[in-house]
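**Student:** Sharing a model that was predicted from the sequence below.
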Amino acid sequence: MVVLTVSAKRKRLLLAGAAVVVVLALLFGIRAASRLIQREEEPGIQTAAATNEERIAFLSQFGWEVKKEAVSVKEVTIPAAFSNVYTEYNQIQLEQGMDLTAYAGCTCKVWTYEVTNYPEKTETVYATLIVYDGQIVAGDISCAALDGFMHGFSGRPEALRGAEDGEALPEEEKSCEKQAGENSEAESIENTEQNAQSAEKTEPQTSSEVETGAWPTD
């Protein structure tokens, strides 16, 4: 009799445990299905960039407002072998789901727009879009000031390499202010050299000989 009682209790415990497992499985299944449906309903990021309107619309997906006309448009060939600069730049792209290595050797168009709503920034901020075959394949948000930064379209600002620790910036990332200073210094040195050469040419020649009739005859 005692054995039968224990067996019945065990069966009830097993049934109760099985019921809990089934309920939990159903709950997790419903939640997973709900998340899947939600992801399918959410629109993806549109990367079309064939027109000016499409490029501006792409940036607006991340909350950026830009001037209607691009600051510059140029063609760039992505190198087959990446330098350190390209490798570091591509790291930004990888963090935002893009990869420039897939376009190595390809010629892309680079569109640059001036951002008008970057928070707490008085210097000019630019949005760069790298376009291949009418689609945006890479890009960034950046400021070229001395304390500038570069980050992805929705990433957190990060100081340009070397701007905080005092290391020299690569030639591709020199700030406009620093480049202007170097040009001004070079022009100053050149002007000084030209003035010195001019002075040498115009300096009157002196002679130790006394010209005839130079002394008084009285």
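**Tutor:** Received it, and whenever you're ready, just let me know what you need. Residues are numbered from 1 along each chain as shown.
**Student:** pLDDT weak spots in the chain?
**Tutor:** By pLDDT under 70, the low-scoring segments of the chain are 1-43, 155-218.
**Student:** mind listing the helices for it?
**Tutor:** Per DSSP state H, the chain carries helices over the ranges 2-41, 52-60, 84-95, 176-202.
**Student:** contacts for the shortest one?
**Tutor:** Same thing as helix 52-60. 45-49, 65-66, 68-70, 111, 113, 127, 129, 131, 136, 153 (CB atoms under 8 Å, 6 or more residues apart in numbering). Placement of C-beta: from N, CA and C, glycine included.
**Student:** Narrow these to those in strands?
**Tutor:** Using DSSP state E, 111, 113, 127, 129, 131, 136 are the members of the contacts of helix 52-60 that sit in strands.
**Student:** how about a markdown table for these, with neighbour count added?
**Tutor:** Below are the ones in strands among the contacts of helix 52-60 laid out as a markdown table (neighbours: other CB atoms under 10 Å):
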| residue | neighbour count |
| --- | --- |
| Trp111 | 21 |
| Tyr113 | 23 |
| Ala127 | 26 |
| Leu129 | 25 |
| Val131 | 22 |
| Ile136 | 22 |
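**Student:** which one of those residues sits closest to Glu95?
**Tutor:** Each of the ones in strands among the contacts of helix 52-60 was checked against Glu95 using CB to CB; the closest is Ile136, at 15.6 Å.
**Student:** Which residues are in contact with the closest one?
**Tutor:** Per CB under 8 Å, 6+ apart, neighbours of Ile136: 47-49, 55, 58, 129-130.
**Student:** can we see that at 10 Å?
**Tutor:** 45-49, 54-55, 58-59, 98, 108, 111, 129-130, 153 (CB atoms under 10 Å, 6 or more residues apart in numbering).
**Student:** Give the bridge partners for it, please.
**Tutor:** Val131 (DSSP bridges).
**Student:** filter the contacts of Ile136 to the buried ones?
**Tutor:** Among the contacts of Ile136, those scoring as buried are 47, 49, 54-55, 58-59, 98, 108, 111, 129-130, 153 (criterion: 16 or more other CB atoms under 10 Å).
**Student:** nearest to Asp140, of those?
**Tutor:** Set against Asp140, the nearest of the buried ones among the contacts of Ile136 by CB to CB is Phe153 (7.5 Å).
**Student:** show me what contacts the closest residue to that closest one other than its chain neighbours?
**Tutor:** Closest residue in space to Phe153, ignoring its immediate chain neighbours: Phe62 at 4.5 Å, by CB to CB, 6 or more residues apart in numbering. Phe62 sits next to 45, 96, 127, 141, 152-155 when contact means CB under 10 Å, 6+ apart.
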